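K.L.:
starting from these lines, generate the structure:
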Amino acid sequence: MRAKQMSVEQKVGQLLMIGYPTLEVPGEMETWIRERQIGNVILFSRNIGSVAETFRRVRTLQRWAKEAGQPHPLLVGTDQENGVVARLMRGATRFPGAMALGATGSPEWAGRVYAATGEELRAAGITVNFAPVVDVNNNPANPVIGVRSFGAEPEAVGRFGESAVQGLLASGVVAAIKHFPGHGDTSTDSHEAIPVLRHDWQRLSQVELVPFRRCIAAKAPMVMIGHVSLSTVDESGAPASISRRLVTDVLRGQLGFQGVAITDCLEMAAIANSTGVPEAAVQAIQAGVDMVLVSHTPEVQQKTYDRLAEAIRSGEIPDSRVQEAVERITELKQRYLSWEQCLAATGPGFDRTAHERLAKEALAQAVTLVKNDQGLVPLPEQAGALGVILPGVGRLTQAEDQQAGAELLVAPLQAHRQVHAHFLSALQPAQAEIEQAVAAVAPCDTVIVFTYNAHLYSGQAQLVQQLSTRGKKVVAVALRNPYDLTAFPEVDAFLAVYDQSERALGVVADVLFGKQKAVGRLPVSMWKQQGHF
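P.N.:
Numbering: from 1, shown residues only. Predicted structure coming up:
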């Protein structure tokens with residue numbers, strides 16, 4: 001069915017992607033799909049069980065769409081970036097995230113990991129991955145991107161992004177690169193407010209846009225538009241997601257992108273607390289976006305649906321713009337989706353054992369020994385116990401998923417040597433907790449301190465510094481962003497692992513105790529006003 005043959009409701013159904021709040025598919029979704037012809041659904045961790053269970057639930061959604069006469073299957077998307085953002089977990093592989101892959105130095109690892117990721121998504125019935133993140137993370141204080149980026153060098157991020165896109169496409173999953181025009185040099189999380197960049201066109205073209213340009217040339221079929229304001233490019237200061245200058249002139253005109261452009265979720269505070277979701281949806285389509293994402297609240301989704309329908313009927317959104325957007329979406333569906341696959345009895349299988357091996361091999365290539373001035377790593381053989389201090393890791397932003405508890409991370413070390421383990425209760429320990437930690441490892445000559453964004457949480461840095469001043473041999477291991485070294489440059493040895501999974505700690509243990517060498521390369525620069533390591 002061509003766009004000009006669709007009703008207003010059918011057109012709105014293609015322009016809008018919605019989510020729902022429960023694990024089981026609620027009855028309201030049947031109404032959305034059958035009566036309102038909604039054609040696109042996003043899944044979060046709250047909606048995803050095992051791979052097989054998720055496929056069955058998605059198949060129900062697809063069956064409703066087929067029975068409702070929708071000409072093409074639903075686009076069903078999720079954020080399976082890997083690392084700290086991974087929605088599909090049960091029965092799926094915990095792959096390392098983008099910065100760990102960047103540390104391997106070889107884009108081939110990104111292609112292999114994302115191809116395997118795509119296989120697992122298809123097995124769950126998911127056809128769109130809002131990944132890879134191709135933001136250039138060159139701001140150590142960035143609160144929301146960090147390890148979700150491949151690194152700080154634009155060309156390298158582009159090469160890894162291109163390989164990731166090709167891996168996803170090879171598996172039959174639509175890759176949606178994000179967050180155009182670049183969220184890596186921000187110091188604000190768009191879940192909370194509008195990030196503002198004041199880079200001019202030359203800087204934007206030489207840094208932020210480089211990976212997007214490369215991935216678009218590699219036929220990335222979808223781009224997610226972020227809520228970042230570039231006031232020097234669009235004088236109105238409008239977030240990119242509702243900026244005609246950035247979407248139509250830059251993304252379409254300058255970069256030549258002809259695929260589907262989708263907004264980041266309009267319920268994020270950057271939009272919801274400024275323009276408002278329904279009005280932003282209209283402005284986004286007017287600006288050249290093809291699909292708007294409203295992930296969470298049924299009432300807001302309904303108001304957005306109604307506002308889009310009103311704007312189409314009144315001509316507020318030109319008919320030519322609606323036709324163009326709908327045609328792009330239906331062409332994408334024709335190219336990547338089929339009723340046969342979406343309504344199959346079970347999803348396609350995948351080799352879980354091979355994927356687990358791939359994840360471990362990638363991590364083994366990523367772990368980076370950044371500093372080892374005293375030759376402390378590998379640790380010398382000794383009878384005494386080893387001190388180990390771990391932070392209370394968890395979700396730092398709304399984009400992330402809950403991580404494994406620190407208690408699970410001790411086991412890989414205990415397999416090698418007796419340890420005195422102490423767990424911090426917070427990422428920002430107060431002085432009293434710092435003193436408790438120092439006392440807990442007092443009998444140990446050597447202490448391994450695992451840090452988690454210590455460059456942003458001064459209490460962790462103070463802990464490392466106090467251990468050093470008391471004569472301990474200290475190995476710091478950054479579980480997340482490697483910028484932590486800038487907070488305690490005097491430390492004896494420093495490892496970056498970019499990942500806080502139990503598997504990653506197993507690789508770290510092998511490096512610490514000499515079973516393998518750390519061969520990773522630091523994918524970011526740490527000399528912003530701090531000195532280079």
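
K.L.:
which neighbouring elements make contact with whichever strand or helix holds V76?
P.N.:
Element membership for V76, per DSSP states H and E: strand 75-78. Helices and strands touching strand 75-78, by 3 or more Cβ pairs under 8 Å, 6 or more residues apart in numbering; DSSP states H and E, are strand 40-42, helix 51-67, strand 128-129, strand 174-180, helix 319-336. The way it works is simple: take the backbone N, C-alpha and C, and place the C-beta from them, glycine included.

K.L.:
including distance to N139, could those go into a markdown table?
P.N.:
Formatted as a markdown table, the helices and strands packed on strand 75-78 follow (distance: least, Cβ to Cβ, whole Å):
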| stretch | distance to N139 |
| --- | --- |
| strand 40-42 | 28 |
| helix 51-67 | 35 |
| strand 128-129 | 25 |
| strand 174-180 | 14 |
| helix 319-336 | 33 |
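
K.L.:
contact partners for V260?
P.N.:
P221, M222, V223, D290, M291, R328, I329, L332 (Cβ atoms under 8 Å, 6 or more residues apart in numbering).

K.L.:
which pLDDT value belongs to it?
P.N.:
pLDDT, V260: 98.

K.L.:
R395 too?
P.N.:
R395 is given a pLDDT of 59.

K.L.:
what of E407?
P.N.:
pLDDT, read off for E407, is 68.

K.L.:
quick one, helices of the stretch 51-200 of the chain?
P.N.:
Ranges of helices within the stretch 51-200 of the chain are 51-67, 98-103, 107-123, 154-170, based on DSSP state H, counting those that start in this stretch.

K.L.:
and of those helices, who's closest to V233?
P.N.:
For the helices of the stretch 51-200 of the chain, the distance to V233 is smallest for helix 154-170, at 17.1 Å, taking Cβ to Cβ.

K.L.:
off-centre distance for the closest one?
P.N.:
Its chain's average C-alpha position is 14 Å from that of helix 154-170, according to Cα atoms, centre = their mean, to the nearest Å.

K.L.:
ok so, going back, mean pLDDT added to the helices and strands packed on strand 75-78, as TSV?
P.N.:
Below are these laid out as TSV (pLDDT from 0 to 100):
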stretch	mean pLDDT
strand 40-42	98
helix 51-67	98
strand 128-129	98
strand 174-180	96
helix 319-336	97
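
K.L.:
quick revisit: relative to A68, which of the contacts of V260 is nearest.
P.N.:
Out of the contacts of V260, the member with the shortest distance to A68 (by Cβ to Cβ) is I329, at 16.7 Å.

K.L.:
pLDDT weak spots in the protein?
P.N.:
Flagging of the chain using pLDDT under 70 yields the residue ranges 1, 187-193, 383, 394-407, 527-533.

K.L.:
so what's the spatially most central residue of it closest to, chain neighbours aside?
P.N.:
For the chain, the residue nearest the mean C-alpha position is E81 (4.3 Å; Cα atoms, centre = their mean). Nearest residue to E81, sequence neighbours excluded (Cβ to Cβ, 6 or more residues apart in numbering): A131, at 4.5 Å.

K.L.:
ok, that neighbour touching A176?
P.N.:
Yes: A131 is within contact range of A176, at 7.0 Å (criterion: Cβ atoms under 8 Å).

K.L.:
which one's more surrounded, the two?
P.N.:
A131 (31 against 24; other Cβ atoms under 10 Å).

K.L.:
the more buried one and W64: what is the separation?
P.N.:
A131 sits at a distance of 27 Å from W64 (criterion: Cβ to Cβ, to the nearest Å).

K.L.:
strands paired with the strand holding V76, and their directions?
P.N.:
Partner strands for strand 75-78, per DSSP bridges, with pairing direction: strand 40-42 (parallel), strand 128-129 (parallel).

K.L.:
can I get those strands in JSON lines with distance to P181 and mean neighbour count?
P.N.:
What follows is the strands paired with strand 75-78, written out as JSON lines (distance: least, Cβ to Cβ, whole Å; neighbours: other Cβ atoms under 10 Å):
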{"stretch": "strand 40-42", "distance to P181": "22", "mean neighbour count": "23"}
{"stretch": "strand 128-129", "distance to P181": "20", "mean neighbour count": "29"}
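
K.L.:
need the ones you listed in JSON lines (columns: distance to A421).
P.N.:
Supplementary listing: those in JSON lines, determined by distance: least, Cβ to Cβ, whole Å:
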{"stretch": "strand 40-42", "distance to A421": "39"}
{"stretch": "strand 128-129", "distance to A421": "37"}
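
K.L.:
of the ones you listed, which is nearest D319?
P.N.:
strand 40-42 (21.0 Å).

K.L.:
now do that closest one: distance to the chain's middle.
P.N.:
With Cα atoms, centre = their mean, you get 18 Å for strand 40-42.

K.L.:
what does it rub up against?
P.N.:
14, 16-20, 29, 61, 74-78, 291, 293, 295, 329.

K.L.:
coming back round to it: out of the helices and strands packed on strand 75-78, deepest packed?
P.N.:
Mean neighbour counts were compared across the helices and strands packed on strand 75-78 using mean count of other Cβ atoms under 10 Å; the top stretch is strand 128-129, at a mean of 29.

K.L.:
list the contacts of that strand.
P.N.:
75-80, 114, 117-118, 121, 168, 173-176, 222.

K.L.:
make it 10 Å
P.N.:
If you take Cβ atoms under 10 Å, 6 or more residues apart in numbering as the criterion, strand 128-129 is touched by 17, 40-43, 74-82, 87-88, 114, 117-118, 121-122, 164-165, 168, 171, 173-176, 221-222, 260, 262, 332, 336-337.

K.L.:
for L251, which non-adjacent residue is closest in space?
P.N.:
Once flanking residues are discounted, L251 sits nearest to F257: 5.1 Å by Cβ to Cβ, 6+ apart.

K.L.:
quick one, what contacts that neighbour?
P.N.:
Contact analysis of F257 by Cβ under 10 Å, 6+ apart lists 177, 180, 212-213, 215-217, 220-223, 247, 250-251, 288.

K.L.:
any of the residues you listed buried? List them.
P.N.:
177, 180, 212-213, 215-216, 220-223, 247, 250-251, 288 (16 or more other Cβ atoms under 10 Å).

K.L.:
which ones among those residues are found in helices?
P.N.:
Using DSSP state H, the members of the buried ones among the contacts of F257 that fall within helices are F212, R213, C215, I216.

K.L.:
now that the last one has come up, it's in contact with V210, right?
P.N.:
No: in terms of Cβ atoms under 10 Å, I216 does not count as a neighbour of V210; the distance is 11.0 Å.

K.L.:
part of a helix, is A309?
P.N.:
Yes: assessed with DSSP: H, G, I helix; E, B strand; the rest coil, A309 lies in a helix.
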